[in-house]
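[1] here's a sequence, model it:
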Amino acid sequence: MSHGLRRFALALSLACGAGPVLAACPPEGQTRDSLLVLRNAKWAVGDVARREALALGLVDCLADPDPALRDEVGFEALQHWMRANQLSPATVKRIGDQLLRRVMPATVAADGRGVAAPFAALTLAEVARVDRLTSLYSPAERDAFVRAAAAYLAGVRDYRGFDPQDGWRHGVAHGADWLMQLSLNTALDKAQLDRLLDAIATQVLPPGEHSYVYGEGQRLMAPVFYIAKRGLHDSAFWTSWFGRIASAAELPEGHPFTATSLARAHNAREFIWPLYASVQETPDATQRERLLPGLKAAIKALP
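    Numbering: from 1, shown residues only. This next block holds a predicted model:
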């Protein structure tokens, strides 16, 4: 096993045991105000070593209870630097390794506030984007990354979205964003894409009475759209896949409505209709031919 894969496997092995100990946020040498000033300066840090150190220091801000530090500082800074190619591959990998620990089941379960894993997933989407554009990971590392992403999304049970005091959690949407970046990566093979599809299917119709109201369906449909664009699944596959969603959302004939059955019907529509609109509008005729028969059949079957 290579050194890189061994390190990657170690990060994933932390699924068992205690979650990581988080350092203080803001990081040493910074204050909340100084970080917000830096945000207003569009994260301009000219000294490379200082920028890399600050990026690593801001990882713990992604789990901070203060939504401004978590979202406007931690996530925005790391997203900006990664998209501007201002962090070294080694630093991006270190960030990814730290965040993978936060989406492991034991770590998620230990986080009563429920903010650390969703923002880890959202930032891991940016790590996935770097990998998509630069081949950051080896094939074996990427496969472990895909498995971690699919397991995280399928395992989300905290469906809180926005709270005026706590800000966003949005675990399903952030997990879907992670999968979307993976779905765009042409290095993924059909088996890996199937793993992503299986994870998405578990959350299109979440268990219980929860109804999506924060755009989760639109976020979940995006990776499906791009997976279909790869052309590795034929029209019959998609007709069957959409049909299973529609069937699972059917209201029980002859039985009274329940909060659960109504939520499932609502959530299916929140997923199918945005996907249908996206496929209708795509200029890719092959994409339309591949998906529209199944989508139209599913729409007719939806309650």
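
[2] against Thr282, how distant is the residue nearest the centre of the chain?
    By Cα atoms, centre = their mean, the mean C-alpha position of the chain lies nearest to Gly175, the distance being 2.2 Å. Computed as Cβ to Cβ, to the nearest Å, the Gly175 to Thr282 distance reads 24 Å. Using the backbone N, CA and C atoms, a C-beta is placed for each residue, glycine as well.

[3] could you do Leu100 as well?
    Distance, Leu100 to Thr282, by Cβ to Cβ: 33 Å.

[4] go on, Trp168?
    29 Å.

[5] likewise for Asp111?
    Taken as Cβ to Cβ, the span from Asp111 to Thr282 is 39 Å.

[6] now swap in Gln98 and tell me
    37 Å.

[7] neighbour-wise, which of the two wins?
    Ranked by neighbour count (other Cβ atoms under 10 Å), Gln98 and Thr282 place Gln98 first, with 18 against 15.

[8] the more buried one reaches Gly57, doesn't it?
    No: Gln98 is not in contact with Gly57 according to Cβ atoms under 8 Å; the separation is 11.2 Å.

[9] wait, Pro27 touches Leu54, no?
    Yes: the pair Pro27 / Leu54 is scored as a contact, 6.7 Å apart, by Cβ under 8 Å.

[10] can you give me the strands in this protein?
    Here the chain has its strands, by DSSP state E, at 162-163, 167-168.

[11] just checking the distance from the last one to the centre of its chain.
    Looking back up the chat, that one is strand 167-168. Computed by Cα atoms, centre = their mean, to the nearest Å, the separation of strand 167-168 from the middle of its chain amounts to 16 Å.

[12] parallel or antiparallel, which strands does it pair with?
    Sheet pairing for strand 167-168, assigned by DSSP bridges, gives strand 162-163 (antiparallel).

[13] tell me how far the residue of the chain most remote from its centre lies from Val127.
    The centre of the chain is farthest from one residue, Gly254, which by Cα atoms, centre = their mean lies 38.2 Å away. Using Cβ to Cβ, Gly254 is found at 50 Å from Val127.

[14] over to Leu220?
    From Leu220 to Val127 the distance is 20 Å (Cβ to Cβ).

[15] which one of the two has more residues nearby?
    For Leu220 and Val127, the more surrounded residue by other Cβ under 10 Å is Leu220, and the numbers stand at 28 against 24.

[16] next, the contact list for the closest residue to that one other than its chain neighbours, please.
    Of all residues not flanking Leu220 in the chain, Ala176 sits nearest, at 4.7 Å (Cβ to Cβ, 6 or more residues apart in numbering). By Cβ atoms under 8 Å, 6 or more residues apart in numbering, the contact set of Ala176 is Leu153, Ile200, Gln203, Glu216, Arg219, Leu220, Ala222, Pro223.

[17] now flag whichever of those residues is closest to Ser261.
    Gln203 (17.6 Å; Cβ to Cβ).

[18] quick one: that closest one and Val172 touch, right?
    Yes: contact status for Gln203 versus Val172: in contact at 5.2 Å, counting by Cβ under 8 Å.

[19] give me the common contacts of these two.
    Common neighbours of Gln203 and Val172, counting by Cβ under 8 Å, 6+ apart, are Leu153, Val156, Glu216, Leu220.

[20] drop anything exposed from these.
    With neighbours counted using 16 or more other Cβ atoms under 10 Å, the shared contacts of Gln203 and Val172 contain these buried positions: Leu153, Val156, Glu216, Leu220.

[21] and of the residues you listed, the nearest to Glu76?
    For these, the nearest to Glu76 is Glu216 (21.6 Å; Cβ to Cβ).

[22] state the pLDDT value of the closest one.
    Looking at Glu216, its pLDDT reads 98.

[23] that one and His174 touch, don't they?
    No: applying Cβ under 8 Å, one finds Glu216 not in contact with His174, separated by 9.9 Å.
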